[in-house]
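Engineer: model this:
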Amino acid sequence: MADTTEAAEYLALVLVQGGLQKATARVLAAFMFADEDSVTAPDLAERLGISSGSVSGAIKMLSTVGLIERAPAPGSRREHYRVREGAWATLMSAQNGMVQAMFEAADRGIEAAGPDNPAARRLEEMRDFYGFMFREMPALIERWRVGRDRGSGA
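Structural biologist: Coordinates of the predicted model:
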């Protein structure tokens, strides 16, 4: 078994820089680097040296966004969790709702700012970018899935 502690902590740091709370980022990194297919919340708390409440909150958040799921564990009395198959594509698909919300917020801002002013120009660029992302993301995810199914990985 390789010592992946440094790599896991680096991943957690990148996730924190991307906006995740520290405990959630460390829990996700622990899932990614686990030697087992599934882990329990108490196992995560012990491995990471954090409270069971922190782990519980992280599991709830990661489950809500579709990154992890409950896993079958016959004979175990504890809930087991694992990274979902296709988790990253699921996350990006779910985030399309956020892309749509950003588009709508920019559109409302343009209406409020009125035409031909610096605010409207900035908001138009924002709206156009998020509109493009909203339209293109499903096709991009589908291309990734097809490539992955063919074994090319991209």
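Engineer: Just want the phi and psi numbers for residue 82.
Structural biologist: Torsion angles at residue 82 (phi, psi; degrees, to the nearest 10) stand at phi -150, psi 160.
Engineer: Surely it is in contact with residue 40?
Structural biologist: No. The pair residue 82 / residue 40 is not scored as a contact, 10.8 Å apart, by CB atoms under 8 Å. Glycine gets a C-beta too; all of them are placed from N, C-alpha and C.
Engineer: Quickly find the element holding the residue nearest the centre of the chain.
Structural biologist: With distances taken as CA atoms, centre = their mean, the residue of the chain nearest its centroid is residue 91 (5.0 Å). Per DSSP states H and E: residue 91 is located in helix 87-113.
Engineer: helices or strands up against that helix?
Structural biologist: When contacts are defined as 3 or more CB pairs under 8 Å, 6 or more residues apart in numbering; DSSP states H and E, helix 87-113 packs onto helix 118-150.
Engineer: quick one: contacts for the residue nearest to the centre of the chain?
Structural biologist: Counting by CB atoms under 8 Å, 6 or more residues apart in numbering, residue 91 makes contact with 65-67.
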